[in-house]
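Engineer: Sequence and predicted model, in that order:
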There are 2 protein chains.
Amino acid sequence: MERVFSIGKLAEASGSKVETIRYYESIGLLPEPERNAGNQRRYTPRHYDRLAFILHARDLGLSTEAVRQLIDLSLHPDMPCRDADEIARRQLEDVRQRIARLKLLEAELERTLSSCTHGTIAECKVIEALAQCGACERHHRPPR
Amino acid sequence: MERVFSIGKLAEASGSKVETIRYYESIGLLPEPERNAGNQRRYTPRHYDRLAFILHARDLGLSTEAVRQLIDLSLHPDMPCRDADEIARRQLEDVRQRIARLKLLEAELERTLSSCTHGTIAECKVIEALAQCGACERHHRPPR
DNA sequence: GCTTGAACCTATAGTGACTACAGGAATTAT
DNA sequence: ATAATTCCTGTAGTCACTATAGGTTCAAGC
């Protein structure tokens, strides 16, 4: 007999939530587990492994769609791994862009904050700075 | 007579979209503009300024709720600006955490990719690395 | 003045990735 | 045996938009 456990235990062990697990099942990322006599889900360590994979990949910022692709790939072990590699590479590209973008925002918020002298709203630089452009990336110009 | 312009022109000038502008009106971030004889919205430069403020703050990562708070604050110019300052400060904190988090992910993806030798899926390190923990921050341990 | 096509209108539904709730049934602890 | 907890399904809500349908108005060319 194999060790099985409830959805609550799986949630606890994986650091996720019961609802999230059911959600992953509903979108087909987690296989439907066996049920006990009372219709409750019974999970095996293989479910834990799959869930850990999903959670980790999501944590890394991959979309559920990317995760689905990786799972599909892993079910075809004799295919070349260029595709999995490509997914990771695209993700790295994306992460780097997000970092660069956030650093701009950080600088602008710092600038915004350092100019605040804690007077009244009327002379508050935070709101003023937010109303202006600074290192802003959107391309717009006031209507003439 | 004041210069007025259509929602399309406002979208173009601000670098946003017609639908987004109507959405901001619907959630009360943008005041309802006047309408012309044919029920079409006519905007003034003041609308442009407000919209630019919203878009810029959103760009900086503020939630629409935070933007709403800032707008409310700006309508009370004689209040102390500590509140506006606090909103920006919380946001900076948040941005810094996101950067730190993304840098961990970047390192892990780099590690993942550098170990890929382009064999078959069966020996692919990308999927393997994603299944494991590395610099992962979620707290979980396999079920015993 | 008329026609055509672009831009506008409202209302509703869809997105992603969950989260929360209602109203029960099953399990576990005492 | 009873009470508390956990589980079930199904539906609706979240955020910040985006898209679509089906209709009206506007601006330009003839």
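Structural biologist: Cool, got the structure. Residues are numbered from 1 along each chain as shown, chains lettered A, B, ... in the order given.

Engineer: how about the residues of chain A near DNA strand D?
Structural biologist: Residues of chain A found near DNA strand D (CB under 7 Å from any atom of the strand) are A:6-9, A:11, A:18, A:22, A:35, A:39-41. (C-beta placed from N, C-alpha, C; glycine too.)

Engineer: and those, which two are the farthest apart?
Structural biologist: The most widely separated members of those, counting by CB to CB, are A:A11 and A:N39 (18.0 Å).

Engineer: Buried ones in stretch A:68-82, by neighbour count?
Structural biologist: Along stretch A:68-82, the positions that meet the burial threshold by neighbour count (16 or more other CB atoms under 10 Å in any protein chain shown) are A:68-71, A:73-74, A:79, A:81-82.

Engineer: Lowest-confidence entry in the residues you listed?
Structural biologist: Minimum pLDDT across the buried residues of stretch A:68-82 is recorded for A:M79, with 68.

Engineer: Neighbours of A:N39, how many?
Structural biologist: When neighbours are defined as other CB atoms under 10 Å in any protein chain shown, A:N39 has 6 of them.

Engineer: Now do the residue in chain A positioned nearest to DNA strand C against A:V18, distance only.
Structural biologist: Shortest chain A-to-DNA strand C distance, computed as CB to the nearest atom of the strand: residue-wise this is A:G38, at 2.0 Å. For A:G38, the distance to A:V18 equals 16 Å [CB to CB, to the nearest Å].

Engineer: The two: who's more crowded?
Structural biologist: Under the criterion of other CB under 10 Å, the comparison of A:G38 against A:V18 puts A:V18 first, with 14 against 5.

Engineer: per-residue confidence at the more buried one?
Structural biologist: Among the per-residue scores, A:V18 shows a pLDDT of 97.

Engineer: can you give me the offset of stretch A:29-43 from its chain's centre?
Structural biologist: 26 Å (CA atoms, centre = their mean, to the nearest Å).

Engineer: check contacts around the spatially closest residue to A:R50 that is not a sequence neighbour.
Structural biologist: Closest residue to A:R50 apart from its sequence neighbours, by CB to CB, 6 or more residues apart in numbering or on different chains: A:L30 at 6.0 Å. Neighbour list for A:L30: A:21, A:24, A:47, A:50-51, A:54 [criterion: CB atoms under 8 Å, 6 or more residues apart in numbering or on different chains].

Engineer: residue of chain A with the smallest distance to DNA strand D?
Structural biologist: Scanning chain A for the residue nearest DNA strand D gives A:G8, at 2.3 Å (criterion: CB to the nearest atom of the strand).

Engineer: Would you mind measuring from that residue to A:L55?
Structural biologist: Shown here: A:G8 relative to A:L55, a distance of 16 Å by CB to CB.

Engineer: Looking at those two, which one has more neighbours?
Structural biologist: The residue with more neighbours, out of A:G8 and A:L55 and counting by other CB under 10 Å, is A:L55; that gives 20 against 13.

Engineer: Briefly note if the helix or strand encompassing that one comes near DNA strand C.
Structural biologist: Remark: A:L55 resides in helix A:45-59, with elements defined by DSSP states H and E. Yes. Using CB under 7 Å from any atom of the strand, we find that helix A:45-59 touches DNA strand C at A:R58.

Engineer: Around A:G61, how many other residues sit close by?
Structural biologist: Around A:G61 sit 17 other residues, with neighbours defined as other CB under 10 Å.

Engineer: Kindly report the same for A:S6.
Structural biologist: The criterion is other CB under 10 Å. On that basis, A:S6 has 14 neighbouring residues.

Engineer: Spit out the contact partners of it.
Structural biologist: Neighbour list for A:S6: A:40-43 [criterion: CB under 8 Å, 6+ apart].

Engineer: how is chain A carved up into domains?
Structural biologist: With domains defined by automatic domain parsing, chain A comprises A:7-79, A:83-131.

Engineer: tell me the average confidence for the shortest one?
Structural biologist: By that I understand domain A:83-131. Per-residue pLDDT values across domain A:83-131 average out to 75.

Engineer: From A:V18, how far out is A:Q97?
Structural biologist: Following CB to CB, the distance that separates A:Q97 from A:V18 is 34 Å.

Engineer: Could you pull up the residues touching the nearest residue to A:R68 once chain neighbours are set aside?
Structural biologist: In space, and not counting its chain neighbours, A:R68 is closest to A:L29: 6.3 Å by CB to CB, 6+ apart. With CB under 8 Å, 6+ apart as the criterion, the residues that contact A:L29 are A:50, A:54, A:64, A:67-68, A:71.
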